[in-house]
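In: Any chance you can model this:
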Amino acid sequence: MKKQANFLIKHYEYFNEEGKVTNEHYYIQEWKRFLWWSYWKDIKHTECGLGYRQKRKTFKTLEETRKFIREVLCPETPRDKSRETVV
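Out: As a prediction, this is how the structure comes out:
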């Protein structure tokens, strides 16, 4: 199980030319290590359409974001994968 401290919640707001918020969402970044480098990486999901592409996973509320971290990312539940078990 991963610690919640390995995740960062960011709040994104886009302001139009009149200074009004027209787009707002939350997203998650995970602390990663590669050899001797450390960095924050966006949590993404695969989106289908005219081809597959990776897109940042966004949430409407802060509580939705925290719930996703608690229930999916911390217990390391598989995402965008399948699992097969012999019974």
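In: alpha carbons only for contacts and neighbour counts from here, please
Out: OK.
In: which residues touch the residue most central in space within the chain?
Out: Geometric centre of the chain, nearest residue: I43, 3.1 Å, by Cα atoms, centre = their mean. Listed by Cα atoms under 8 Å, 6 or more residues apart in numbering, the contact set of I43 reads 27-30, 56-57.
In: would TSV of those residues with neighbour count be doable?
Out: Converted to TSV, the contacts of I43 look like this (neighbours: other Cα atoms under 10 Å):
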residue	neighbour count
Y27	20
I28	22
Q29	18
E30	17
R56	14
K57	17
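In: just those: which has the poorest pLDDT?
Out: Ranked by pLDDT, these bottom out at R56, which scores 80.
In: Could you list which residues are in contact with the nearest residue to that one once chain neighbours are set aside?
Out: Nearest in space to R56, with sequence neighbours left out and distances taken as Cα to Cα, 6 or more residues apart in numbering, is K44 at 4.3 Å. Shown in contact with K44 (Cα under 8 Å, 6+ apart): 54-57.
In: now swap in T65 and tell me
Out: T65 sits next to 9, 26-28, 59 when contact means Cα under 8 Å, 6+ apart.
In: hmm, 10 Å instead?
Out: When contacts are counted by Cα atoms under 10 Å, 6 or more residues apart in numbering, T65 is found next to 9-10, 25-28, 57-59.
In: what's the answer for K41, then?
Out: 7-8, 28-33.
In: Now tabulate those in a markdown table and tack on distance to V72 and secondary structure.
Out: A markdown table is the format used below for the contacts of K41 (distance: Cα to Cα, whole Å; DSSP: H, G, I helix; E, B strand; the rest coil):
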| residue | distance to V72 | secondary structure |
| --- | --- | --- |
| F7 | 12 | strand |
| L8 | 15 | strand |
| I28 | 12 | strand |
| Q29 | 14 | strand |
| E30 | 13 | strand |
| W31 | 16 | strand |
| K32 | 17 | strand |
| R33 | 20 | strand |
